[in-house]
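> Task: produce atomic coordinates for the following.
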Amino acid sequence: MLNDWFQDVEFEISWATFQKLPRHPAFRYEYLSERCRVSPRPRYYHARFNLESWEPQTSDSICNEVVVESLGETNCDDLHDSFLQAFARTVPFCQLSESERRRSVHQLLERTFSGLDGPLHRASSHVLRERASGIILGASLITLLPSEDLERFDHPDWRASVPSDAAETNWGFPHLTWIFVASKRQRLGLSSCLLDATVSRLKDRGDRTLLSTFLLGNDQSLLWHWKMGFQLLSHVSSV
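Okay, here's the model as predicted:
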């Protein structure tokens with residue numbers, strides 16, 4: 001789980017300087033005996049997207065540079081480098097050493113691929129490749145949840161309701177667990193290529209809603225969800 005990789009930080013600082021520190025919403029800032037303690041307090045936005053309102057965003061110029069393909073037999077190790085590049089500058093990854101970041105990426109992707117975030121729906125999950133080299137630049141990973149009530153999707157008992165053939169049937173609600181593009185190719189509209197392909201597959205499956213969750217304080221993700229047309233749900237909680 002992402003929360004496992006947040007770290008406490010403590011250091012000496014004057015009260016005047018403490019008052020001027022920039023605050024990140026994912027942390028709690030405390031001051032005692034001329035020391036500042038910054039401790040994790042991650043909270044998350046939940047969002048819902050109406051698939052029936054989606055209009056493809058991908059331009060022809062982008063399509064000429066990349067290839068979007070179904071996840072197929074791609075495994076989590078194949079996505080390590082692009083995942084690492086995509087999130088290296090965001091919390092909590094930017095707090096970690098290089099070796100810790102690599103361990104966190106392995107753990108998080110392994111969690112998704114093993115079904116701990118819900119059954120991985122490979123048919124609607126996609127990888128983004130550079131057309132010329134075939135290098136993976138990013139991916140969208142869709143997992144299935146038993147309910148569209150995102151206030152309860154972290155409930156410890158929900159996995160008991162998951163059937164063994166969930167990924168092959170129309171069971172559950174699709175959740176955009178990860179979508180990422182390597183940092184060197186961000187802000188070019190490539191994530192919309194992934195979302196286009198994902199939405200198309202989900203609509204073929206008969207889905208009307210795509211759910212999503214992202215960290216409070218990740219403004220880049222917030223703006224992307226807003227731009228794509230996701231509607232924020234009223235409840236913000238720690239997951």
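
> Make sure residue 209 is actually in contact with residue 50.
Yes: using CB atoms under 8 Å, residue 209 is in contact with residue 50, at 6.6 Å. Bear in mind the C-beta positions are built from the backbone N, C-alpha and C, glycine included.

> middle-most residue in the chain, spatially?
residue 178 (3.3 Å; CA atoms, centre = their mean).

> mind listing what that residue touches?
For residue 178, the contact set (CB atoms under 8 Å, 6 or more residues apart in numbering) comprises 83, 109, 112, 139-141.

> farthest-separated two in these?
109 and 140 (13.1 Å; CB to CB).

> So the two - more neighbours on which side?
When neighbours are counted by other CB atoms under 10 Å, residue 140 comes out ahead of the other of residue 109 and residue 140, with 26 against 21.

> Where do the domain boundaries of the chain fall?
1-42, 44-237 (automatic domain parsing).

> now, of those domains, which is deepest in the fold?
Greatest average neighbour count among the domains of the chain goes to domain 44-237 (a mean of 17), per mean count of other CB atoms under 10 Å.

> rewinding a little: the domains of the chain into CSV, with extra columns for mean pLDDT?
Converted to CSV, those look like this (pLDDT from 0 to 100):
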stretch, mean pLDDT
domain 1-42, 94
domain 44-237, 86
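
> mind listing the helices for this protein?
Here the chain has its helices, by DSSP state H, at 15-20, 60-63, 80-87, 98-113, 190-205, 219-228.

> Distance to residue 127 for the ones you listed - can I get that in a markdown table?
What follows is these, written out as a markdown table (distance: least, CB to CB, whole Å):
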| stretch | distance to residue 127 |
| --- | --- |
| helix 15-20 | 44 |
| helix 60-63 | 15 |
| helix 80-87 | 9 |
| helix 98-113 | 12 |
| helix 190-205 | 8 |
| helix 219-228 | 18 |
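
> Between the ones you listed, which one is closest to residue 46.
Nearest of those to residue 46, taken as CB to CB: helix 219-228 at 10.3 Å.

> which strands and helices sit next to that closest one?
The contact analysis (3 or more CB pairs under 8 Å, 6 or more residues apart in numbering; DSSP states H and E) places helix 219-228 against strand 44-50, helix 190-205, strand 209-215.
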